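[1] Whatever this is, show me its structure:
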Amino acid sequence: MVMDVMAAAARIEEAGGRVIHMEVGQPAAPAPSTAIAAAKAALALGRIGYTEALGVPSLRARIARHYAESYGLAIEPARIVVTTGSSAGFMLAFLALFEPGDRVAVTEPGYPPYRNILTALGCEPVAVEISAATRWALTVEALLAAHRKKPLAGVIVASPANPTGTMVAGDTLGQLIRACAEAGIKFISDEIYHGLDYAFPAVTAAKFSDHVVVINSFSKYFCMTGWRIGWMVLPERLVRPVERLQQNFAISVPTLSQVAAEAAFDGRAEMERVKRGYEENRKILIEGLPEAGLDKFVPVDGAFYLYADVSRFSDDSFDFARRMLEETHIAATPGVDFDSKRGQNFLRFCFAGSTAEMREAVARIGGWLSKQG
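    Here you go, the predicted model:
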């Protein structure tokens, strides 16, 4: 339904209105200048050809170095696969790990493409409800209960998560991974919002096991959404199967994006400044929305999302989002995109825009809600 919101926002803008976009999970900042400069230099050389299916060796080595620098982990470059964004990473992981008919646990609320891709591949996504009682994080108990009901082949855990922005603490993540190993449940860790953590540091699943699949991306922290570049950390046994899949699907990941991605690691100082802007935006929403009337929302641990309960004003989040867009020119995503059962009570606000926009959004929402009765 977010696409419907985007289309309605576009119509308002075509008519001359100014919309504050808080519906799409996309950074407003550009890629690091180091990445852009490297891409320009590569273009100047003229020829942009295929690369190895697993990715440019120097980029794979640089990603491995990132794990040593950021997490203190020694990851062999041979276990790293460069992908066309995290989206391709999910498809490759699902195809390498699962067979048609396999049941794979996903949290509800959660990122819709998990279940959509699984369904398209003939697998069965199994929704496991999360709630405020567990800080909107999956627990060992809830996962194993679903497994006892009917065996699961795998589970996908995101931290920081979309749409909630909540994170799984390191000890809880370790417990989940150990429980999955004992139960024979394959573990996929979505870490595309790593680097954007505010409440406490994000911990990679690779710390706890060499048998998990980690998926990450340059889209969020490095602000490279349209470059479509990500990576996977795989168990050794999966590298060759994923390589064969990648050879057939794409031959290789776009060369220019790989060149830019390698250089992006040298632009971390820029990205940390962007992150500080997100932290300021987070503070504006956390402090301002309760005064505006939206005083119930999920803890904002990381990423750039605030998941707010709007049930005080409506039991139809899509209609609420539509009216808010029409009357305040603020676009947000209805919770029904993320949660089929309780999503009608929630909206997701993305705070990846400018600080000035966040202040204006809070003021507009407050004025509008004061008239809702």
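[2] C-alpha from now on. contacts and neighbour counts both.
    OK.
[3] Show me which residues of stretch 68-88 are buried.
    Neighbour-count burial for stretch 68-88 flags 75-88 (criterion: 16 or more other Cα atoms under 10 Å).
[4] Could you find the closest non-adjacent residue to residue 159?
    Take residue 159 and drop its neighbours on the chain: the residue closest to it by Cα to Cα, 6 or more residues apart in numbering is residue 167, 4.6 Å away.
[5] what about that neighbour, which helix or strand?
    Under the criterion of DSSP states H and E, residue 167 resides outside all helices and strands.
[6] For it, give its distance to residue 137.
    Residue 167 sits 7 Å away from residue 137, going by Cα to Cα, to the nearest Å.
[7] Can you pick out the residue with more neighbours from these two?
    residue 167 (31 against 26; other Cα atoms under 10 Å).
[8] which stretches of the stretch 101-250 of the chain form helices?
    Under the criterion DSSP state H, counting those that start in this stretch, helices of the stretch 101-250 of the chain are mapped to 112-120, 140-149, 170-183, 236-249.
[9] Which of those sits closest to residue 224?
    helix 112-120 (19.4 Å; Cα to Cα).
[10] Keeping just the C-alphas, turn that closest one into PDB.
    Below are the C-alpha coordinates for helix 112-120, written out as PDB (Å, rounded to 0.1, in the frame of the first residue of the first chain):
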ATOM      1  CA  PRO A 112       6.900  -7.600   3.400                       C
ATOM      2  CA  PRO A 113       9.300  -8.900   0.600                       C
ATOM      3  CA  TYR A 114      10.500 -11.700   2.900                       C
ATOM      4  CA  ARG A 115       7.100 -13.400   2.700                       C
ATOM      5  CA  ASN A 116       6.500 -12.300  -0.900                       C
ATOM      6  CA  ILE A 117       9.800 -13.700  -2.200                       C
ATOM      7  CA  LEU A 118       9.400 -16.900  -0.200                       C
ATOM      8  CA  THR A 119       5.800 -17.400  -1.500                       C
ATOM      9  CA  ALA A 120       7.000 -16.800  -5.100                       C
END
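[11] List the buried residues for it?
    When burial is assessed from 16+ other Cα under 10 Å, helix 112-120 yields the following buried residues: 112, 114, 115, 117, 118.
[12] got those residues as TSV, with pLDDT and distance to residue 127 columns?
    What follows is the buried residues of helix 112-120, written out as TSV (pLDDT from 0 to 100; distance: Cα to Cα, whole Å):
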residue	pLDDT	distance to residue 127
112	94	11
114	98	11
115	96	9
117	98	14
118	98	12
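[13] check contacts around residue 321.
    Applying Cα atoms under 8 Å, 6 or more residues apart in numbering, we find residue 321 in contact with 5, 331, 332, 333, 334, 347.
[14] So which of those residues are in helices?
    If you go by DSSP state H, the contacts of residue 321 have residue 5 in helices.
[15] Residue 314: which of the contacts of residue 321 is nearest?
    Closest to residue 314 out of the contacts of residue 321 is residue 347 (10.8 Å), distances taken as Cα to Cα.
[16] What distance do you get for the residue nearest to residue 159 to residue 115?
    Applying Cα to Cα to residue 167 and residue 115 gives a distance of 20 Å.
[17] next one: residue 364
    Distance, residue 364 to residue 115, by Cα to Cα: 35 Å.
[18] For residue 130, the count of nearby residues, please.
    Using other Cα under 10 Å, residue 130 has 17 neighbouring residues.
[19] and the nearest residue to it once chain neighbours are set aside, what pLDDT?
    Nearest non-adjacent residue to residue 130, counting by Cα to Cα, 6+ apart: residue 136, 5.1 Å away. If you check residue 136, the pLDDT there is 93.
[20] before we move on, what about residue 24?
    pLDDT for residue 24: 87.
[21] what does residue 3 give?
    pLDDT, residue 3: 79.
[22] From the contact counts, what lies against the helix or strand that contains it?
    Taking DSSP H and E as the definition, one finds residue 3 inside helix 2-14. Judged by 3 or more Cα pairs under 8 Å, 6 or more residues apart in numbering; DSSP states H and E, the packing partners of helix 2-14 are helix 317-328, strand 330-331, strand 333-334.
[23] which of those is buried the deepest?
    By mean neighbour count, with neighbours taken as mean count of other Cα atoms under 10 Å, strand 333-334 ranks first of the helices and strands packed on helix 2-14 at a mean of 28.
[24] neighbouring strands for that one, and are they parallel or not?
    Under the criterion DSSP bridges, strand 333-334 sits next to strand 346-350 (antiparallel) in its sheet.
[25] Would you mind identifying the next helix or strand past the partner strand?
    Using DSSP H and E, the helix or strand that follows strand 346-350 in sequence is helix 355-369.
[26] Please find the angle between the direction vectors of that next one and helix 317-328.
    100 degrees (axes from the mean of the first three to the mean of the last three Cα atoms, to 10 degrees).
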